[in-house]
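Participant: Sequence plus the predicted model coming up.
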Amino acid sequence: MTETVDVALIGGGIMSATLAALIHQVQPDWKVEVYERLSDVALESSNPWNNAGTGHAALCELNYMPQSKDGSVDPAKAISINEQFQLSRQFWSYLVDEGVLGEPATFINSTPHMTFVRGEKDVEYLRKRYEALKDQPLFAGIEFTEDPAVIAEWAPLLINRREVGERIAATRITAGTDVDFGSLTHKLFKEAAPQATLNLNREIRHLKQLSDGTWRLRGRHTLGRTPFEVKAKFVFVGAGGWALKLLQKSGIPEIKGYGVFPIGGQFLRTDNPEVVAKHRAKVYSQASVGAPPMSVPHLDTRVVDGQASLLFGPYATFSPKFMKKGSLGDIVTQVRPGNLIPMLSVAKDNPSLISYLVGQLMQSRKQKLDALREFMPTAKDKDWYLIEAGQRAQVMKKDKDKGGILQFGTEVISAADGSIAGLLGASPGASTAVPIMLGILRKCFPDRIAGWEPKLREMIPTYGSTLNETPSKANEVLERTAGTLDISL
């Protein structure tokens, strides 16, 4: 007889780990099964070398505050992203206080977040951005300067041997962080979700909703091809780019019209301790014309397994696979009658993206190093090597005016009855895993959420409210989580 479980989580990344940890807190008697097709969790987008680990709080990412045609900048989206990250911080802080996640430095470390721009136009834009943010409570302490000497104090590698007289500017917030989402994923599964059983090397291939509302999941062991079957009352598909394919197989009407466009990436990395010691920050700049938001150039400190390195990039690559260990047929097998027009519309309306990708694919190693030297004039070829980053599957969906649009963000797709949900898209992604999973709990369990809310508020005191509108509350939460997580304010 096929076993029936309360929750089946497809994919072993930060999203499934976060949902498993939340469920353990609010409904510890539920049986939760996790199915991961690879040999370990966090080997795709949650792997620390497959992402920049920014801890997206919109402190340095300029794409969250684009300049409008009239020259103004609106801080609303940046504030919203920061609010979401604070929910994640509060949940992690609660788990650390409970003795669950161990030493915070094993997954989160203080790392100032900076922006760095060159040229008259971008300097003036950055000044406007600073003016719009400096009085916002969640951005308290943001600094702006055009003085090369000050920038040299913040991040000397940006200034050493730079041409004198070049117009430059930077902002800095010392309260930024570097997050190892791979380590955090492992800790959540191992310690924060003890009732969740990990089934590694198990690939779910078919989903069907039965007459009683439960879902029958069929799959196979990836090592021996042995089939297996399980029934689940609720299914979450957190399988990166493959979430689209699985949601399509589920047959829910809510997925109609959606497609994804895969974009890969590379980073230049150095582990040279002499170079790494001279840069302790995540420094973002403006994206190239036509570049997708996740291709904004940045020079980042990364701390993985206690070892600091520097990454620069990303450099866009292309593969038809939806994940690094996906299938070459992914981009074709996603096509359905309902998403063909949106996908063709996206191709027609985004020639600059296609041109950008072609240009990136044609870049030589020398050209990639030259791009690094625009950030870091003293960069030496011998210190840097290329690594492959993760695949990002950007959402394409219907649009009543254009036929279809390319969306650079995350989107939750859920069935009307709340029995299945999945996540599509990328940035801000992992950093906002907690608020995304809280949204799934509210949407998919409307009959239970009221009973869960007291526990949710115990773990996340600002659950259901905002911080930025109440400076005293914002300061209190920032101070408390910074103290627990041992990070800077």
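Facilitator: Now that the structure is in, tell me what you want to look at.

Participant: Give me the distance between the residue nearest to the spatial centre of the chain and Lys473.
Facilitator: The centre of the chain sits closest to Gly429, judged by Cα atoms, centre = their mean, with a distance of 2.7 Å. Distance of Gly429 to Lys473, computed by Cβ to Cβ, to the nearest Å: 26 Å. Using the backbone N, CA and C atoms, a C-beta is placed for each residue, glycine as well.

Participant: same deal with Ser352?
Facilitator: Here Ser352 is placed at a distance of 42 Å from Lys473 (Cβ to Cβ).

Participant: Look at the closest residue to Phe189 other than its chain neighbours and report its pLDDT.
Facilitator: Nearest residue to Phe189 in three dimensions, chain neighbours excluded: Ala17, at 5.1 Å (Cβ to Cβ, 6 or more residues apart in numbering). pLDDT for Ala17: 97.

Participant: Work out for me the element Ala17 sits within.
Facilitator: Using DSSP states H and E, Ala17 falls within helix 14-26.

Participant: Tell me which stretches of the stretch 301-450 of the chain form strands.
Facilitator: Read by DSSP state E, counting those that start in this stretch, the stretch 301-450 of the chain holds these strands, from start to end of the chain: 307-317, 385-388, 392-399, 403-407, 410-414, 420-425.

Participant: out of those, which comes closest to Pro377?
Facilitator: For these, the distance to Pro377 is smallest for strand 307-317, at 12.8 Å, taking Cβ to Cβ.

Participant: about what we covered before: have a look at Ser352 and Lys473 and say which one is more surrounded.
Facilitator: Neighbour count, other Cβ atoms under 10 Å: between Ser352 and Lys473, Lys473 has more, with 16 against 12.

Participant: all helices for this structure, in order.
Facilitator: Secondary structure of the chain by DSSP state H: the helices cover 14-26, 76-97, 120-133, 148-154, 181-187, 242-250, 273-276, 330-333, 337-349, 351-361, 365-375, 433-444, 449-459, 471-485.

Participant: In TSV, list those along with distance to Asp401.
Facilitator: Output for the helices of the chain, formatted as TSV (distance: least, Cβ to Cβ, whole Å):
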stretch	distance to Asp401
helix 14-26	31
helix 76-97	21
helix 120-133	28
helix 148-154	43
helix 181-187	36
helix 242-250	23
helix 273-276	48
helix 330-333	25
helix 337-349	10
helix 351-361	18
helix 365-375	36
helix 433-444	27
helix 449-459	35
helix 471-485	38
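
Participant: most packed of these?
Facilitator: helix 14-26 (a mean of 26; mean count of other Cβ atoms under 10 Å).

Participant: by contact count, what packs against that helix?
Facilitator: strand 4-10, strand 32-36, helix 76-97, helix 181-187, strand 196-200, strand 227-237, helix 433-444, helix 449-459 (3 or more Cβ pairs under 8 Å, 6 or more residues apart in numbering; DSSP states H and E).

Participant: got a markdown table for these, with distance to Leu157 and mean pLDDT too?
Facilitator: Below are those laid out as a markdown table (distance: least, Cβ to Cβ, whole Å; pLDDT from 0 to 100):
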| stretch | distance to Leu157 | mean pLDDT |
| --- | --- | --- |
| strand 4-10 | 41 | 97 |
| strand 32-36 | 38 | 98 |
| helix 76-97 | 26 | 96 |
| helix 181-187 | 25 | 96 |
| strand 196-200 | 40 | 97 |
| strand 227-237 | 41 | 97 |
| helix 433-444 | 31 | 97 |
| helix 449-459 | 39 | 97 |
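
Participant: Please identify which of the strands of the stretch 301-450 of the chain is closest to Ala371.
Facilitator: strand 307-317 (7.7 Å).

Participant: Buried residues in the closest one, which are they?
Facilitator: Applying a neighbour-count criterion of 16 or more other Cβ atoms under 10 Å, one finds 308-317 buried in strand 307-317.

Participant: Roughly how far does Val7 sit from Ser88?
Facilitator: Plainly put, Val7 is 21 Å away from Ser88 if you go by Cβ to Cβ.

Participant: Kindly apply the preceding question to Thr470 instead.
Facilitator: The value you get for Thr470 to Ser88, if Cβ to Cβ is used, is 19 Å.

Participant: for Gln334, same thing?
Facilitator: For Gln334, the distance to Ser88 - Cβ to Cβ - is 30 Å.

Participant: Contacts only, for the closest residue to Lys231 other than its chain neighbours.
Facilitator: Spatial nearest neighbour of Lys231, chain neighbours left out: Thr4 (4.3 Å); criterion: Cβ to Cβ, 6+ apart. Taking Cβ atoms under 8 Å, 6 or more residues apart in numbering, we find Thr4 in contact with 214, 230-233.
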